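> Give me a model of this one.
(chains A and B)
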Amino acid sequence: MPLDYFKVECPEPVGGELYSHLASVVLSEYGMSGVIARLHLYIDPTIPIFVAVGMTRTMPGMILIRDFSDVVVHENGEVMVNIGDEKYLAPLLKHLWDRFGKDRVEQPDRFTIVMHLSPEEQKGFSELPVVDPADGLYKDLIYVLQIICPEGFRVRTQRFMPGESGRFYFVASENTLPRDIMPIVNEKFELLGDGI
Amino acid sequence: MTLVSVTCKCGVYRHDEFLDLIDDLGGYVIQKQVIAQEVVLQALVPREDIAQLRVLSRVIAGEIQYSPLVGTEIAVVTMSLDIHHLPHASCDIGEYLRKSGAKTNMIGLARGFGKRIGLLSSEERDIVNEHDLVIFLFGNFETCIKYKIETFRRGISVPIVLCGGPKTEVLRDLFTPPVDGYLGDVGRFMHRTKEKDEIAKLDELIAEVSRVLDERRIRLSRDPLSLSPARLMDVILDEVPAIHHVLSPIPVVVQMDGVRIKLPYEEYADEIGAVVIENEIMIRDVVRLTPSKMQDYILAKILPMSETGIMI
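Now for the predicted structure:
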């Protein structure tokens, strides 16, 4: 998926063009094109500084048990969970073990979980959240920006603001960063636009 | 007798005829690789006898091609071994040089990255100087390359070929005194080189490296070596039994002015030095044996005729 906005700003035109290609390859290879909506990179090797500002796409909400499985409640209190998507099996098991204890969670086969729950526990069982798709997003985002960033730029600061349209910034240099980096970050955010 | 570097490819069946013919013609097999049913021979053969090899290659359905880099050991220096620089472009360049016959060693610097902080340690410098040529793989920005090159070229005594993102002309005008070779448009990238223009760029690199090595050959020919490196390799393979127990695919690496012997220096230097080449001339008479900075290998540099007064 192409980004809605992607630009590399660099005082060296050739270097900037090569960097633009490099960043596109990295974003695509790490599957971040579908996560980042807008990205502006600023690289000035004379200072030297690397600034990345961007916005993430709207992430889907929490994945609930009912989203990927059928929950059947029997009269004797037995709850049978038939799992439809295997990729959520491991987080679901971990969640159930943490909540109800391992001894109460039976797994007769790979895609079936059987539990005996009290009527109170049965209430809202299928609405239990299992996976937050935004989990790890920040870590992945920073990892990808570290790869795009020149390797020697190891003095860095970054911030992810999920509440503010998923805005994030990443500033790196091989020298000490200025005490207040926000003016340059805000300047680049203005170039980025709000995506509306 | 001028030796020409070639690569001979053929099937396993009757490939020994190639080996015999190269030996009969006075040539040397630098490396033999058996890959499934195919045999790849990298060899040095007399220029005037290439036709005979071509005749044999037709008979046994083989193939002969000119490989300008056979008999050279090239250092490919990458600024670090991190994902930023590996596997592309370092491995792609290393692999392409090997296809042209060179023995390449990739040297990942401990602290080569960055503009101001990039540096080359004395140990890394000594290892680079053991090669015939060094290729420095820089990044995409000319500001950084211009800033870093003085640090990196200091103390390097072998020809330097510089690769970087800016155009070749830009790199050429970037600093004085110039280095020996340049190749632009090959900076930091993170995809495999497989497009037509990328392969053409690698071909350009081979041409540039060959040109720089040819210049070095001309300089060496002004004061010729006392012994051909290929012959030194042959003598060591014949006279030092321990070399056949080395598991490395190339136990004796041929360079332009010597060989790297993959045996421990402390244990074998004296034995190798005492090997007689011919007419009571021993290896130590025409070769300087020193411990290599690379593991505990032996580095054998052949002395020029002006120093020894001997030409074998």
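
> Let me see the backbone angles for the residue nearest the centre of chain A.
In chain A, the residue lying closest to the centroid (Cα atoms, centre = their mean) is A:L137, at 1.6 Å. Backbone torsions for A:L137, taken as degrees, to the nearest 10, come to phi -60, psi -40.

> got a list of what it touches?
Contact analysis of A:L137 by Cβ atoms under 8 Å, 6 or more residues apart in numbering or on different chains lists A:V35, A:T56, A:M59, A:F160. Where you see a C-beta, it was placed from the backbone N, CA and C, and this is true even at glycine.

> So among these, where is pLDDT lowest?
For those, the weakest pLDDT value sits at A:M59, with 73.

> B:D285 - how many residues pack around it?
16 (other Cβ atoms under 10 Å in any protein chain shown).

> Surely it is in contact with B:E307?
No - B:D285 lies out of contact with B:E307 (Cβ atoms under 8 Å); the separation is 10.5 Å.

> Report the set of residues contacting both of these two.
Counting by Cβ under 8 Å, 6+ apart, B:D285 and B:E307 have no common neighbour.

> The contacts of A:L137, buried ones only, as a ChimeraX selection?
Buried subset of the contacts of A:L137, written as a ChimeraX selection, criterion 16 or more other Cβ atoms under 10 Å in any protein chain shown:
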select /A:35,56,160
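
> what about the residue in chain B positioned nearest to chain A, distance to B:L205?
Chain B approaches chain A most closely through B:G114 (2.2 Å), counting by Cβ to the nearest Cβ. B:G114 sits 25 Å away from B:L205, taking Cβ to Cβ, to the nearest Å as the criterion.

> Would you mind giving the domain segments of chain A?
A:5-60+A:134-192, A:63-131 (automatic domain parsing).

> What is the neighbour count of residue 192?
I went with chain A, as the question did not name one. For A:L192, the number of neighbouring residues by other Cβ under 10 Å comes to 18.

> oops, chain B please
So B:R192, with other Cβ under 10 Å, has 12 neighbours.

> just A:C149 next, same as before
22.

> again with B:L25
17.

> so A:Y19, which of the three states?
On the three-state scheme (DSSP: H, G, I helix; E, B strand; the rest coil), A:Y19 is labelled helix.

> about what we covered before: how about the residue of chain B closest to chain A, nearest residue that isn't a chain neighbour?
Among residues not flanking B:G114 along the chain, A:G152 sits closest, at 2.2 Å (Cβ to Cβ, 6 or more residues apart in numbering or on different chains).

> Can you pull the poorly scored residue ranges out of the chain?
Just going to use chain A. A:194-196 (pLDDT under 70).

> wrong chain, I was asking about chain B
Chain B contains residues with pLDDT under 70 at B:1.

> the domain parsing of it - what is it?
Split into domains by automatic domain parsing, chain B comes to B:3-66, B:73-221, B:229-308.

> A:P91: which of those domains is closest?
Among these, domain B:73-221 comes nearest to A:P91, with 28.0 Å by Cβ to Cβ.

> Can you check the distance spanned by the closest one, start to finish?
18 Å (Cα to Cα, to the nearest Å).

> Contact residues of chain A facing chain B?
A:12, A:14-15, A:18-19, A:21-22, A:25-26, A:29, A:43, A:45-46, A:48, A:147, A:150-154, A:174-175 (Cβ under 8 Å from any Cβ of the partner chain).

> which among the residues you listed end up buried?
Neighbour-count burial (16+ other Cβ under 10 Å) applied to the residues of chain A next to chain B gives A:12, A:14-15, A:18-19, A:22, A:26, A:43, A:45, A:48, A:147, A:150-153, A:174.

> Could you list which of the residues you listed belong to helices?
Among those, the ones falling in helices (DSSP state H) are A:V14, A:G15, A:L18, A:Y19, A:L22, A:V26, A:I147.

> What's the local residue count around B:L119?
16.

> Confirm that it sits in a strand.
No - B:L119 sits outside any strand when classified using three-state DSSP, being coil.

> Give me the subset of the contacts of A:L137 lying in strands.
A:T56, A:F160 (DSSP state E).

> Just give me the closest of the contacts of A:L137 to B:E63.
Nearest to B:E63 among the contacts of A:L137, with distances taken as Cβ to Cβ, is A:V35, at 49.3 Å.

> wait, what's in contact with that closest one?
A:T56, A:R57, A:M59, A:L137, A:D140, A:L141.

> run the last query once more with 10 Å
A:1, A:3, A:27, A:54, A:56-57, A:59, A:133-134, A:137, A:140-141, A:144, A:166 (Cβ atoms under 10 Å, 6 or more residues apart in numbering or on different chains).

> Format those as a markdown table; extra columns: distance to A:M80.
Output for the contacts of A:V35, formatted as a markdown table (distance: Cβ to Cβ, whole Å):
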| residue | distance to A:M80 |
| --- | --- |
| A:M1 | 38 |
| A:L3 | 44 |
| A:L27 | 42 |
| A:G54 | 44 |
| A:T56 | 37 |
| A:R57 | 36 |
| A:M59 | 31 |
| A:P133 | 26 |
| A:A134 | 30 |
| A:L137 | 33 |
| A:D140 | 35 |
| A:L141 | 39 |
| A:V144 | 41 |
| A:G166 | 38 |
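
> Sort out which of the residues you listed are buried, if you could.
Among these, those buried by neighbour count (16+ other Cβ under 10 Å) are A:L3, A:L27, A:G54, A:T56, A:R57, A:A134, A:L137, A:L141, A:V144, A:G166.

> Turn those into TSV, columns for distance to B:C10.
As requested, the buried ones among the contacts of A:V35 are arranged in TSV below (distance: Cβ to Cβ, whole Å):
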residue	distance to B:C10
A:L3	52
A:L27	46
A:G54	56
A:T56	57
A:R57	57
A:A134	59
A:L137	55
A:L141	53
A:V144	47
A:G166	61
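
> ok now do the residue of chain A found nearest chain B, which residues does it touch?
Closest contact between chain A and chain B, by Cβ to the nearest Cβ, is at A:G152 (2.2 Å). The neighbourhood of A:G152, defined by Cβ under 10 Å, 6+ apart, consists of A:48, A:172-174, B:79-80, B:84, B:111-118, B:139, B:144, B:148.
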